[in-house]
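Undergrad: return atomic coordinates for the entry below.
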Amino acid sequence: MPLYRHVLPFAPPLHAQPLATDGWHFFSGNGPAAALQLPPAWPSLWLPLRGRMTMQAPDAHWCLHSGEAQLWRGTGLHVQSSHEARWLALAAPPEVWNRHFSALRPDEEPLPWRGEADGVHDAMEAVARDDCALDSLIAALLERQRDVAACLPRCRGRTLAHRRQALLRLLLLRHLMQCHVDADDDATIDVPWLAARAHYSPGHLIRLHRAVFGETPSDYFSRLRHARAWDLVRGTDMPVATITHKLGFESQSAFCRAFKHAFGMTATEARRRETDACAA
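TA: Presented below is the predicted three-dimensional model:
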């Protein structure tokens with residue numbers, strides 16, 4: 001199966017001709033002119049080697065930084081790199097991914113994740129030099145998604161395909177919540193909003209999310225928001241009133257109560273401890 005190579009921004013614009021559907025596409029890019037938009041259904045792997053990449057999909061935008069990697073499988077994705085960025089990406093139609101995954105581990109398909117690039121970084125660098133390294137990269141990806149794949153048996157559905165589709169929907173919703181918190185977006189995000197994007201009823205979404213992940217969507221969102229609050233309190237000198245607004249709490253007193261309940265101390269005490277630790 002062929003592996004087509006593209007170097008951006010020096011190659012002709014990708015929209016000038018459709019991408020071949022009979023194999024893999026490996027991209028290497030540098031600088032701000034390296035913008036890329038792939039066919040909506042294509043899974044893709046992204047690895048910033050330097051700088052950051054701005055990722056945009058319907059309902060969400062986020063940044064991927066050096067040291068991170070992401071396997072995206074969802075709606076259409078548009079990517080723009082920063083001025084100093086250097087990055088690698090791999091994309092192909094779903095049937096190409098599925099064929100290679102199942103060849104190494106039966107019934108496996110690529111599942112979306114985002115996190116540290118451990119194990120994937122070296123494999124992607126090897127593919128940049130040698131087509132034959134692709135099998136090692138697929139093996140690294142299978143290992144990287146092991147924790148995500150462990151959730152699959154807890155999904156409901158008559159067939160493996162139905163269970164996998166349910167997991168993909170839940171993972172996308174969790175990604176949307178993560179993007180919302182990371183962006184300090186104070187707009188309302190609630191279970192009905194999430195359920196509409198997964199084409200579930202709110203009640204069904206709550207039951208399914210709890211069965212698969214052991215917590216409701218609201219529980220997960222609260223954990224993310226508390227972690228972000230901790231980072232802002234400990235890592236910045238931003239006023240508590242500003243943090244309250246950024247994270248969408250209804251009032252400063254509500255934020256303070258939630259912070260103390262989550263961490264056993266007030267925001268002022270947490271900030272003082274960080275100051276004392278730095279001074280020591």
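
Undergrad: identify the residue nearest the residue positioned nearest the centre of the chain in space, chain neighbours excluded?
TA: Note on the chain: the residue nearest the mean C-alpha position is Arg114, at 4.1 Å, using CA atoms, centre = their mean. Once its chain neighbours are removed from consideration, Arg114 has its nearest residue in Gln70; the separation is 4.2 Å (CB to CB, 6 or more residues apart in numbering). Where you see a C-beta, it was placed from the backbone N, CA and C, and this is true even at glycine.

Undergrad: part of a strand, is the residue nearest to the centre of the chain?
TA: Yes - with DSSP: H, G, I helix; E, B strand; the rest coil as the criterion, Arg114 is located in a strand.

Undergrad: and it, what pLDDT?
TA: Reported pLDDT at Arg114 in the predicted model: 94.

Undergrad: and for Pro94?
TA: In this model, Pro94 carries a pLDDT of 95.

Undergrad: then Gly31?
TA: As summarised for this prediction, Gly31 has a pLDDT of 74.

Undergrad: what's the answer for Ala183, then?
TA: In the prediction, the pLDDT value recorded for Ala183 is 83.

Undergrad: for the one 10 residues further on, same thing?
TA: Trp193 is assigned 93 on the pLDDT scale.

Undergrad: confirm it sits in a helix?
TA: Yes - counting by three-state DSSP, Trp193 is located in a helix.

Undergrad: residue contacts, it?
TA: Residues touching Trp193, when contacts are defined by CB atoms under 8 Å, 6 or more residues apart in numbering, are absent altogether.

Undergrad: how much space separates it from Arg156?
TA: Trp193 sits 22 Å away from Arg156 when distances are taken as CB to CB, to the nearest Å.

Undergrad: hmm, Glu68 and Gly51 touching each other?
TA: No - shown here, Gly51 and Glu68 do not form a contact pair, counting by CB atoms under 8 Å, at 11.6 Å.

Undergrad: what is in contact with the two at once?
TA: When CB under 8 Å, 6+ apart defines a contact, no residue borders Gly51 and Glu68 alike.

Undergrad: which stretches in the chain count as helices?
TA: Along the chain, the segments classed as helices by DSSP state H run 94-104, 120-129, 134-144, 146-149, 160-182, 191-198, 202-213, 217-235, 240-246, 252-263, 267-279.

Undergrad: output the second one as CSV, restricted to C-alpha atoms.
TA: So the one you mean is helix 120-129. Listed next in CSV are the C-alpha coordinates belonging to helix 120-129 (Å, rounded to 0.1, in the frame of the first residue of the first chain):
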residue,chain,number,x,y,z
VAL,A,120,4.8,7.8,19.2
HIS,A,121,7.4,10.5,18.7
ASP,A,122,10.3,8.2,17.7
ALA,A,123,8.0,6.1,15.5
MET,A,124,6.8,9.1,13.6
GLU,A,125,10.3,10.3,13.2
ALA,A,126,11.2,6.9,11.8
VAL,A,127,8.4,7.0,9.2
ALA,A,128,9.7,10.4,8.2
ARG,A,129,12.9,8.6,7.1
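
Undergrad: tell me the angle of it relative to helix 134-144?
TA: Using axes from the mean of the first three to the mean of the last three CA atoms, to 10 degrees, the interaxial angle of helix 120-129 with respect to helix 134-144 works out to 160 degrees.

Undergrad: average model confidence for helix 120-129?
TA: 96.

Undergrad: list the helices and strands that helix packs on?
TA: In terms of contacts (3 or more CB pairs under 8 Å, 6 or more residues apart in numbering; DSSP states H and E), helix 120-129 is packed against strand 24-30, strand 44-50, strand 68-72, strand 86-91, helix 134-144.

Undergrad: again, only this time at 10 Å
TA: Contact here means 3 or more CB pairs under 10 Å, 6 or more residues apart in numbering; DSSP states H and E; on that basis helix 120-129 packs against strand 3-8, strand 24-30, strand 44-50, strand 68-72, strand 86-91, helix 134-144.

Undergrad: cool, and the shortest one?
TA: Contact partners of helix 146-149 among helices and strands, from 3+ CB pairs under 10 Å, 6+ apart: strand 113-116, helix 160-182.

Undergrad: kindly check the end-to-end length of stretch 189-207 for me.
TA: Terminal residues of stretch 189-207 lie 18 Å apart, using CA to CA, to the nearest Å.

Undergrad: what do you get for stretch 107-126?
TA: End-to-end distance for stretch 107-126, by CA to CA: 26 Å.
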